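**Q** What would the 3D arrangement of this be:
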Amino acid sequence: MLLTRIVSFLSGTARGKRLLWRGWYQFLAVRYRDPGWTFMNYGYHWPDGSVPPLDPAQEPDRSCIQLYDLVARGAPLAGRDLLEVGCGRGGGAAYVARALSPRRVVAVDLSPAAIALCRRRFHQPNLSFEVGDAEQLPFRTAPSTPS
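**A** Now for the predicted structure:
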């Protein structure tokens, strides 16, 4: 009952909600250490039933990979520098770095535990992981380019 009141009180403000979500997310990152759990999205299934080919090792993550593939293939990523904000356990960033040929992918997440797991799990030359807050990214602003 006390916990319910505390959560209710904290969720009444933007700062309180942020504190609650940050705590819950960090709890999940620390508690679930299974290195095989590398995606935190719901995934996507092709409505026409088509099944794009995947490496057999990727089959357990098929629906999650298909979501990244559907979204990322809509942009010309080959040879570009990419930033993923909120990379979670790193599976999506690793897939994009491997399958879509960007020059570099920097994946950022709020949770130090999640970033540590990503760094242990994924070793690709064009992929790096950094701890960072989406509201205060640890990067300088890129110079603007004329339109």
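**Q** contacts and neighbour counts: CA atoms only from here.
**A** Noted.
**Q** Per the annotation, how does the protein divide into domains?
**A** 1-31, 35-131 (automatic domain parsing).
**Q** For the ones you listed, which has the smallest mean pLDDT value?
**A** Of all the domains of the chain, mean pLDDT reaches its minimum on domain 1-31 (a mean of 72).
**Q** Look at that one and report the distance between its end residues.
**A** Start-to-end span of domain 1-31 (CA to CA, to the nearest Å) is 24 Å.
**Q** Spatially central residue (nearest the centroid) of this protein, please.
**A** The chain has residue 87 as the residue nearest its centroid, 1.8 Å off, counting by CA atoms, centre = their mean.
**Q** contacting residues for it?
**A** Residues in contact with residue 87 (CA atoms under 8 Å, 6 or more residues apart in numbering) are 93, 107-109.
**Q** Return the set of buried residues in whichever strand or helix holds residue 69.
**A** Per DSSP states H and E, residue 69 falls inside helix 62-72. By 16 or more other CA atoms under 10 Å, the buried positions in helix 62-72 come out as 62-69.
**Q** still on that earlier bit, any idea how far residue 52 is from the residue nearest to the centre of the chain?
**A** 23 Å.
**Q** Same check on residue 36?
**A** The spacing between residue 36 and residue 52, counted by CA to CA, is 22 Å.
**Q** the helices in this protein, which residues?
**A** Along the chain, the segments classed as helices by DSSP state H run 2-10, 14-31, 62-72, 91-99, 112-121.
**Q** And the longest one, what's buried?
**A** It stands for helix 14-31. Buried residues in helix 14-31, counted by 16+ other CA under 10 Å: 16-17, 25-26, 29.
**Q** what residues are up against residue 66?
**A** Residues near residue 66 by CA under 8 Å, 6+ apart: 43-45.
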